[in-house]
Each structure stands twice: as C-alpha cells, then as structure tokens.
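J.: this one's sequence-less:
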C-alpha cells in the first residue's frame with residue numbers, strides 16, 4: 001500500500017517539469033491590459049495537459065472534467081502583475097493504476113443459456 005501511488009508521484013514530477021519548461025517561454029513577455037498574455041499562457045498549459053489526457057494519464061471522459069487551467073484575475077491580480085509574475089493554477093485528475101486484476105469464471109452446463 002505504501003507504493004501504490006508511486007507512479008502518480010512520478011507523473012506529477014513530470015508535469016511540473018514539463019509545465020515549468022513551457023512557462024519559461026513566457027519570461028520577458030509584456031503583461032498586456034487585455035489579458036492576451038494570460039490567455040496565451042492558459043492555452044499553452046491546457047495544450048500540454050490535453051496531450052496527457054489523450055494518452056490516458058489524466059482521468060476523465062472528456063478534458064473538461066479531467067483538468068482545468070486558471071490564469072484569470074484570481075491568480076493574476078494587480079499585486080502579482082506589479083511584481084512581474086505570471087501565475088497559473090492547475091487542477092488535474094490523475095488516472096489510477098490497476099494493481100490487481102480479478103477474473104471470475106462461471107461454468108454452465110451445455111444445455112443452459114448463458115446470462116447476458
């Protein structure tokens with residue numbers, strides 16, 4: 001049980017590394033008053049998370065309930081802008097791993113219908 005979520009810990013480390021590298025591309029960009037930089041940053045981060053979702057590392061039927069990226073005024077306000085910060089808050093649902101596989105086999109007589 002102590003090791004059951006080790007793969008998710010490693011995946012989180014990979015996400016931090018990948019998203020930090022992506023964020024470095026935005027260093028020295030001007031923070032505009034229209035929110036265009038925040039939107040571009042959001043799109044870049046969401047694109048990376050979308051690739052994780054496509055490969056099945058982020059859990060959910062669709063991207064909307066699997067992850068979200070927040071770069072609006074809740075994380076980028078006048079104080080953070082004055083400090084020259086570009087912030088994002090990311091929420092993800094990591095896919096669980098199958099630790100055990102259980103297969104139940106029921107034997108039926110040849111003259112009995114198998115339940116559907």
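T.: Great, that's in hand. As the structure is a computational prediction, the values presented were derived from the model and not from experiment.

J.: For the protein, just list every one of the strands.
T.: Taking DSSP state E as the criterion, the chain carries its strands at 67-70, 89-92.

J.: okay, the ones you listed, which one's buried deepest?
T.: strand 67-70 (a mean of 18; mean count of other Cβ atoms under 10 Å). (Glycine included, C-beta is placed from N, CA and C.)

J.: helices or strands up against that strand?
T.: Where contact means 3 or more Cβ pairs under 8 Å, 6 or more residues apart in numbering; DSSP states H and E, strand 67-70 is packed against helix 36-54, strand 89-92.

J.: Partner strands of it and their direction?
T.: When pairing is defined by DSSP bridges, strand 67-70 lines up against strand 89-92 (antiparallel).

J.: Other residues contacting the strand it pairs with?
T.: Strand 89-92 is contacted from outside by 15, 19, 45, 49, 52, 58, 66-71, 74-75, using Cβ atoms under 8 Å, 6 or more residues apart in numbering.

J.: got the residues you listed as JSON lines, with pLDDT columns?
T.: What follows is the contacts of strand 89-92, written out as JSON lines (pLDDT from 0 to 100):
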{"residue": "15", "pLDDT": "94"}
{"residue": "19", "pLDDT": "96"}
{"residue": "45", "pLDDT": "96"}
{"residue": "49", "pLDDT": "96"}
{"residue": "52", "pLDDT": "95"}
{"residue": "58", "pLDDT": "92"}
{"residue": "66", "pLDDT": "93"}
{"residue": "67", "pLDDT": "94"}
{"residue": "68", "pLDDT": "95"}
{"residue": "69", "pLDDT": "95"}
{"residue": "70", "pLDDT": "95"}
{"residue": "71", "pLDDT": "96"}
{"residue": "74", "pLDDT": "95"}
{"residue": "75", "pLDDT": "95"}
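
J.: before we move on, the earlier item: columns distance to residue 29 on top of the strands of the chain, output as a markdown table?
T.: Formatted as a markdown table, the strands of the chain follow (distance: least, Cβ to Cβ, whole Å):
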| stretch | distance to residue 29 |
| --- | --- |
| strand 67-70 | 17 |
| strand 89-92 | 19 |
